[in-house]
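>>> give me the fold of what follows.
(chains A and B)
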Amino acid sequence: MPILRTLLASLMLMVAGGFVLSAATDHFRAFTTETARRIEVHEHPVAVPDVLLETASGAHIDMAGFRGKWLLVDFIYTRCPTYCVALGGEFAQLQDRLATPLAQGRLQLLSISFDPENDTPTELAAYQQRFRNRGPGWLAARPVTAQGLGQLKRAFGITVIPDTFGGYIHNAAIHLVDPQGRLIEIVDMGNPDILAQDVVRSLDR
Amino acid sequence: MSSRPPSHFARIALLLFLVLLAPVLKHLLEASMTTQMLVQIPLLVSVGLLLARAVPARWNAALANYDHAGINGLILATLIMALWMLPRALDASITAPPIAVTKYLSIPLLIGLPFALSWPRMSFIVRGVFLLELIATFFRMGWLYLIWPDRLCNNYLLGDQQRLGKYLIVIGTILLLWVAAKLLWGRMDSFAETPPSPPQLAADSGARHLDHGTPG
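Numbers count the residues shown, from 1 in each chain, chains lettered A, B, ... in the order given. Predicted coordinates for the structure are as follows:
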């Protein structure tokens, strides 16, 4: 009889284990934190916190001030030699591809620095200039308080770790925020054409 | 070692657990993917292995009724090990306190402990399958970490991930050579030759490997 009892217990263990593993991977879809946060945001949009930002021009603006517009947000630090260079280049390209909605004020590109100590308004402006900022529609800004930065990192799921060269490594992506101020989509960078099409579709919805 | 009283091993297990719980050491071991996976997690497994030696023989005998040939201890340990191989689980265990608590409890109690209790019950075949699957897992994970172009954990650097991949392949190779040497020159006891009586079973349960059992 131990064999039958063992078999029964095995079945129970496997079923329970299957449930646990399924729960831990969002039904076997997400094995990494990065995929998990995309699924999470897609299925349960996250309200973006009202954090006060200082822009490259020195102006102060609240995240709530963007309500009514679609927002494309990325997180950067201006000394970044890798991801942020790609992100900056991509935002400049998006300025071209999305020129109409940007000019109409229905869409806003926003780069938020997670290194506010170094990224003064001057540095932020220089960062945008490096990618030939095409004018309005793209704001670079830093959170005014450390607390605000923490709230933003939590809401957007940004993890920043120091690299071995005195800089940072961070999960880089582009975040779509709807006019109600909810983060609804996180996408990889590197496909500005597809992203632009998606955004236009969202705007028309 | 088995002549020591069971409480002796429970004390060592508790001590090891408390040391691993110390915030300084926890932070240090979790600072790199390599040390979390190759030092912290194996040491947490060891806590469970030690704890198994303190389990009363009566309990173990009762458990044996549901653990023919050690199958269920192996299934439980494997399932929970799979859970802690998920990159997002490693990430969350650093950033989310409830997941950290889950890690510290589930690895000793649901991997180390059931594995150590079931190992003496396992037959030659079951042990062999387990060992080869373990070695294959080291190679699979190592290869994955070496070739994966992106970071799998948001909290760890790509270089760290690749170094871990290299170490996993090295460890897999050593295990493979060790098993091969055992097969060629060592003693590989079959379950049939060593029918463990319950009291002996309790005394012998633990992190012993292939050389457990009677000589010859």
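
>>> would you map the helices across chain A?
Secondary structure of chain A (DSSP state H): helices at A:2-24, A:33-43, A:83-97, A:99-104, A:121-130, A:146-156, A:192-204.

>>> neighbours around residue 104, how many?
Picking chain A for this. By the measure other C-beta atoms under 10 Å in any protein chain shown, the count of residues near A:Gln104 is 11. The way it works is simple: take the backbone N, C-alpha and C, and place the C-beta from them, glycine included.

>>> not what I meant, chain B
Neighbours of B:Tyr104 (other C-beta under 10 Å): 18.

>>> quick one, what contacts it?
Going by C-beta atoms under 8 Å, 6 or more residues apart in numbering or on different chains, B:Tyr104 touches B:Phe17, B:Leu20, B:Leu21, B:Leu44.

>>> mean pLDDT lowest for which of the helices of chain A?
Among the helices of chain A, helix A:83-97 carries the lowest mean pLDDT, at a mean of 84.

>>> quick one: contacts of that helix?
A:72, A:74, A:76-78, A:102, A:109, A:111, A:127-128, A:130-135, A:137-138, A:170, A:172, A:174, A:189-190, A:192-193, A:195-196.

>>> rerun at 6 Å
By C-beta atoms under 6 Å, 6 or more residues apart in numbering or on different chains, the residues outside helix A:83-97 that reach it are A:Asp74, A:Ile76, A:Leu109, A:Phe131, A:Arg132, A:Arg134, A:Gly137, A:Trp138, A:Ala172, A:Met189, A:Pro192, A:Ala196.

>>> give me the distance between the fourth one and chain B.
If I follow you right, that is A:Phe131. A:Phe131 is 23 Å from chain B, where distance means C-beta to the nearest C-beta, to the nearest Å.

>>> got a winner among the contacts of helix A:83-97 for most neighbours?
Taking other C-beta under 10 Å as the neighbour criterion, A:Ile76 ranks highest of those with 25 neighbours.

>>> quick one: that one and A:Leu109 touch, right?
No. Contact criterion C-beta atoms under 6 Å: A:Ile76 and A:Leu109 do not qualify, at 11.8 Å.

>>> does A:Ile174 touch A:Phe75 like I think?
No. Between A:Ile174 and A:Phe75 there is no contact under C-beta under 6 Å: 9.7 Å.

>>> identify the residue nearest the residue nearest in space to the middle of chain A in space, chain neighbours excluded?
Closest to where the C-alpha atoms of chain A average out (C-alpha atoms, centre = their mean) is A:His175, at 3.7 Å. Leaving aside its chain neighbours, A:His175 sits nearest to A:Val73 (4.3 Å; criterion: C-beta to C-beta, 6 or more residues apart in numbering or on different chains).

>>> correct me, but the one you found touches A:Ser111?
No. Applying C-beta under 6 Å, one finds A:Val73 not in contact with A:Ser111, separated by 7.7 Å.

>>> the more surrounded of these two?
A:Ser111 (26 against 22).

>>> who's in contact with the more buried one?
A:Asp74, A:Ile76, A:Ala140.

>>> the same query, at a cut-off of 7 Å, please.
A:Asp74, A:Ile76, A:Phe91, A:Ala140 (C-beta atoms under 7 Å, 6 or more residues apart in numbering or on different chains).

>>> just the ones of those residues in strands?
Using DSSP state E, the subset of the contacts of A:Ser111 located in strands is A:Asp74, A:Ile76, A:Ala140.

>>> quick check, the last one in contact with A:Glu123.
Yep, that's A:Ala140 we're talking about. No. A:Ala140 is beyond contact range of A:Glu123, at 9.0 Å (criterion: C-beta atoms under 7 Å).

>>> which one of these two is surrounded by more residues?
Each of A:Ala140 and A:Glu123 has its neighbours counted (other C-beta under 10 Å); A:Ala140 has more, 28 against 18.

>>> show me what the more buried one bridges to in the sheet.
A:Ser111 (DSSP bridges).

>>> can you pull the pLDDT of it?
Value for A:Ala140, per-residue pLDDT: 95.

>>> which residues does it contact?
Contact analysis of A:Ala140 by C-beta under 7 Å, 6+ apart lists A:Thr55, A:Ala56, A:Ser111, A:Leu124, A:Tyr127, A:Gln128.

>>> what is the nearest of those to chain B?
Nearest to chain B among those: A:Ser111, at 19.8 Å, using C-beta to the nearest C-beta.

>>> against A:Asp188, how distant is the closest one?
A:Ser111 is 17 Å from A:Asp188, where distance means C-beta to C-beta, to the nearest Å.

>>> per-residue pLDDT of the residue nearest to A:His175, please?
Per-residue pLDDT puts A:Val73 at 96.

>>> how about the contacts made by it?
By C-beta under 7 Å, 6+ apart, A:Val73 lies in contact with A:Leu110, A:Ile112, A:His175, A:Val177.

>>> again, but for B:Leu50
By C-beta under 7 Å, 6+ apart, B:Leu50 lies in contact with B:Phe9, B:Ile12, B:Ala13, B:Leu16.

>>> separation between it and B:Leu76?
In terms of C-beta to C-beta, B:Leu50 sits 18 Å off from B:Leu76.

>>> near residue 22, how many other residues are there?
No chain was given, so I picked chain A. 12.

>>> switch to chain B, that's the one I care about
Neighbours around B:Ala22, by other C-beta under 10 Å: 10.

>>> any idea how far B:Val39 is from it?
14 Å.

>>> same check on A:Arg205?
For A:Arg205, the distance to B:Val39 - C-beta to C-beta - is 51 Å.

>>> more neighbours, the two?
B:Val39 (16 against 6).

>>> any weak-confidence spans in chain B?
Scanning chain B with the threshold set as pLDDT under 70 gives B:1-3, B:187-216.

>>> spell out which residues belonging to it are near chain A, please.
Chain B comes close to chain A at residues B:65-68, B:71-72, B:75-76, B:79, B:82-83, B:86-89, B:91, B:152-155, B:157, as judged by C-beta under 7 Å from any C-beta of the partner chain.
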